[in-house]
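Just a sequence and a predicted model for now, questions to come.
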2 protein chains.
Amino acid sequence: MGITKTEIFSQQQNQIATFAKAFAHPARVAILQHLFKINTCICGDLVTEIGLAQPTISQHLKELKNLGLIQGNVEGTSVCYCIDPKKWKEMKSAMAGFLDQDLSAFEECC
Amino acid sequence: MGITKTEIFSQQQNQIATFAKAFAHPARVAILQHLFKINTCICGDLVTEIGLAQPTISQHLKELKNLGLIQGNVEGTSVCYCIDPKKWKEMKSAMAGFLDQDLSAFEECC
DNA sequence: ATCAACCATCGTAATATTGCAATATAATAA
DNA sequence: TTATTATATTGCAATATTACGATGGTTGAT
């Protein structure tokens, strides 16, 4: 039904899914990569950088902002975005705990 | 329009988004966690373990299988699933390259 | 005050995802 | 053969996501 039954899963499972959803679209990956590349706040050039319409970019930025992964600060007529390092680390550690599991048992399996 | 413009993004960006999508639902996170927990093939107990209907689980398994993250081997009347360690490592390295970027510039930013 | 630049929001259309009942398929057991 | 068990597939309904045109708000310049 397009609706996820979050209530039957643990908080950790839902958290991982929520963070993963942030990266589950190439536009958001591109936005974050551009932020890392420029390595400082960026004001404005995202629409020209990514090839999508301005409302679309704005919507993706909103999702990343809602998750807390980026911050937006008004700077005159434009808005400067940057990664929130604290939240990024929090996300990374949640993802790492999931990704860095022991694979040895599956080397000889099946 | 619900359709992603993959053609305007790099192969790497699309790859990260595709892998992230695998974890973007708590049921798939739960399935993978259960596989790691049992630490061997599992045949059958996924439907009782996760609280979703059998066709729903089957569909999530199919997505993980299509991505190559898990394998399914027929074992009599049931099917045994396990993580594909090679693909998992490949995914992990792609995600790590994205997640492990230098945050120092953002510590003092904005 | 007027204008241009930049960004957010609204509304809407197209497509994707999630979930399950019903059904199909395949292997084994009796 | 028939029944049973385990899983896959189909079809459908509900909801979510993606994309963008149109519009609105805010800031800074003239």
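Yep, it's here. Numbers count the residues shown, from 1 in each chain, chains lettered A, B, ... in the order given.

any idea how far residue A:92 lies from residue A:83?
Applying Cβ to Cβ, to the nearest Å, the value for residue A:92 to residue A:83 is 11 Å. Every residue, glycine included, has its C-beta placed from N, CA and C.

More neighbours: which of those two?
residue A:83 (23 against 19; other Cβ atoms under 10 Å in any protein chain shown).

for DNA strand D, what are the nearby residues on chain A?
A:1-4, A:21, A:24-25, A:27, A:52-56, A:59-60, A:63, A:74, A:76-77 (Cβ under 7 Å from any atom of the strand).

quick check: mean pLDDT across stretch A:35-47?
Stretch A:35-47 carries an average pLDDT of 87.

That stretch and DNA strand C in contact?
Yes. Using Cβ under 7 Å from any atom of the strand, we find that stretch A:35-47 touches DNA strand C at A:43-44, A:46-47.

out of these, which are inside strands?
residue A:43 (DSSP state E).

so can I have TSV of the residues of stretch A:35-47 next to DNA strand C showing neighbour count?
Converted to TSV, the residues of stretch A:35-47 next to DNA strand C look like this (neighbours: other Cβ atoms under 10 Å in any protein chain shown):
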residue	neighbour count
A:43	17
A:44	13
A:46	21
A:47	14
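
DNA strand D: which of the residues of stretch A:35-47 next to DNA strand C is nearest?
residue A:47 (9.5 Å; Cβ to the nearest atom of the strand).

Spit out the contact partners of that closest one.
Contacts of residue A:47 were listed using Cβ atoms under 8 Å, 6 or more residues apart in numbering or on different chains, and they are A:53-54, A:57.

are any of the residues you listed buried, and which?
Neighbour-count burial (16 or more other Cβ atoms under 10 Å in any protein chain shown) applied to the contacts of residue A:47 gives residue A:57.

Return the closest of the contacts of residue A:47 with respect to chain B.
For the contacts of residue A:47, the closest approach to chain B (Cβ to the nearest Cβ) belongs to residue A:53, at 10.3 Å.

That closest one and residue A:25, how far apart?
Counting by Cβ to Cβ - residue A:53 and residue A:25 are separated by 15 Å.

What of residue A:41?
According to Cβ to Cβ, residue A:41 stands 22 Å off from residue A:25.

Equivalent analysis for residue A:7, please.
25 Å.

Name the residue in these two with the higher neighbour count.
The residue with more neighbours, out of residue A:7 and residue A:25, is residue A:25; 23 against 8, by other Cβ under 10 Å.

Apart from its chain neighbours, what residue comes closest to that one?
residue B:17 (5.5 Å; Cβ to Cβ, 6 or more residues apart in numbering or on different chains).
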